[in-house]
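**Q** model this:
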Amino acid sequence: MDDERLKLLRLMQLADSALPVGAAAHSFGLETLVEEGALDVSTLEAFLADYLSEAGAQESAFCRAAHRLAARVNFGEHDFHLEAWLELNRRLSARRQARESRAASATLGRRLLQLARALDCGELLTFASEAARESGVETHHCAAFGLVGGALALDEGATAEAYLHQTLAGLVSACQRLMPLGQTRAQQILWRLKPALVAASESGLAGVGARDGAVETDCDDVFCFTPLLDLGSMRHTSLTTRLFIS
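**A** Numbering: from 1, shown residues only. Below you'll find the predicted structure:
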């Protein structure tokens, strides 16, 4: 059986926006922006393009860093960098200023690792999940996705792009419930944003550096500035009626 075809099929399953980790319950601040009139159908595509260039690039970098940690595993020598894994997630928690979005990311990451363990994706994920639980460190979605991709020996770039695709599809789906956005237009937006998605993935690569055998986990060279979305997430709890958790 062709191993590369199996890898592709597994990546497609993990990147499905319907993956049962709870992503459909979160808007990451979009609900507030729509309610306040700061975001509508006419501005959505440009908004999401900016989102990819900022938040997408940052999450791509952390996804790639986690992938590289998993790719370094040698079970014979127990060569998994648990402390580097925890520090990677601590750094991402520090960068997420809005409590609701930070908690949502951590919830999705924890559930993804639990699901991957149930799918028998490798002993590494048990080590990573238990280490985070015992230390009280939040496990973020992008880092968990990268770790799972690395554990399955999936391509690093393809893993980062699959994560961004899933995230973008989830945000568009949320907007379909928040504004008069039809199926055809939603698909057109997703289609046209593919180049921006690839660019965000490549910006994430720049954030962790080209592959040279080193495990880069600080991601200090990638920055994210999304004040409107952060404020929307912070104000989300004050909405009178809410469809989403975040």
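**Q** mind showing which ranges of this protein have poor pLDDT?
**A** Counting by pLDDT under 70, the chain has low-confidence residues at 1-2, 73-80, 209-218, 220.
**Q** Please identify which helix or strand holds the most centrally placed residue in it.
**A** Nearest residue to the geometric centre of the chain (CA atoms, centre = their mean): Cys142, 3.2 Å. Element membership of Cys142 [criterion: DSSP states H and E] is helix 141-151.
**Q** for Asn89, same thing?
**A** Asn89 belongs to helix 82-95 when assigned by DSSP H and E.
**Q** what does that helix rub up against?
**A** 58, 62, 65-66, 69, 102, 105-106, 109, 127-128, 131-132, 135, 137-140, 142-143, 147, 215, 217-219, 224 (CB atoms under 8 Å, 6 or more residues apart in numbering). To be clear about C-beta, it is placed using only N, CA and C from the backbone, and glycine gets the same treatment.
**Q** Also stretch 31-39?
**A** Here stretch 31-39 has contacts from 30, 40, 47, 174-175, 178-179, 228-229, 231-233, 235-236, 239, 242-244, using CB under 8 Å, 6+ apart.
**Q** Give me the longest helix you can find in this protein.
**A** helix 156-178 (DSSP state H).
**Q** Helix or strand next in line after it, which one?
**A** From helix 156-178, the next helix or strand downstream (DSSP H and E) is helix 183-192.
**Q** Show me the contact partners of the helix or strand just after that next one.
**A** Next helix or strand after helix 183-192 toward the C-terminus (DSSP H and E): helix 194-208. Applying CB under 8 Å, 6+ apart, the set of residues contacting helix 194-208 from outside is 48-49, 52-53, 56-65, 68, 157, 160-161, 164-165, 168, 216, 219, 221-222.
**Q** Report the buried members of those.
**A** Buried by 16 or more other CB atoms under 10 Å: 48-49, 52-53, 56-65, 68, 157, 160-161, 164-165, 168, 216, 219, 222, out of these.
**Q** Sort out for me which of the residues you listed are in helices.
**A** 48-49, 57-65, 68, 157, 160-161, 164-165, 168.
**Q** Could you list the buried residues of the helix or strand Leu231 falls within?
**A** Counting by DSSP H and E, the element that carries Leu231 is helix 227-234. For helix 227-234, a neighbour-count test (16+ other CB under 10 Å) marks 228-234 as buried.
**Q** what about Asp50, how many neighbours?
**A** By other CB atoms under 10 Å, 16 other residues sit near Asp50.
**Q** so who does it touch?
**A** Applying CB under 8 Å, 6+ apart, no residues contact Asp50.
**Q** rewinding a little: are any of the contacts of helix 82-95 buried, and which?
**A** By 16+ other CB under 10 Å, the contacts of helix 82-95 give 58, 62, 65-66, 69, 102, 105-106, 109, 127-128, 131-132, 137-140, 142-143, 147, 217, 219, 224 as buried.
**Q** where's stretch 10-21 relative to the chain centroid, distance-wise?
**A** Centroid separation between stretch 10-21 and its chain, computed with CA atoms, centre = their mean, to the nearest Å, is 12 Å.
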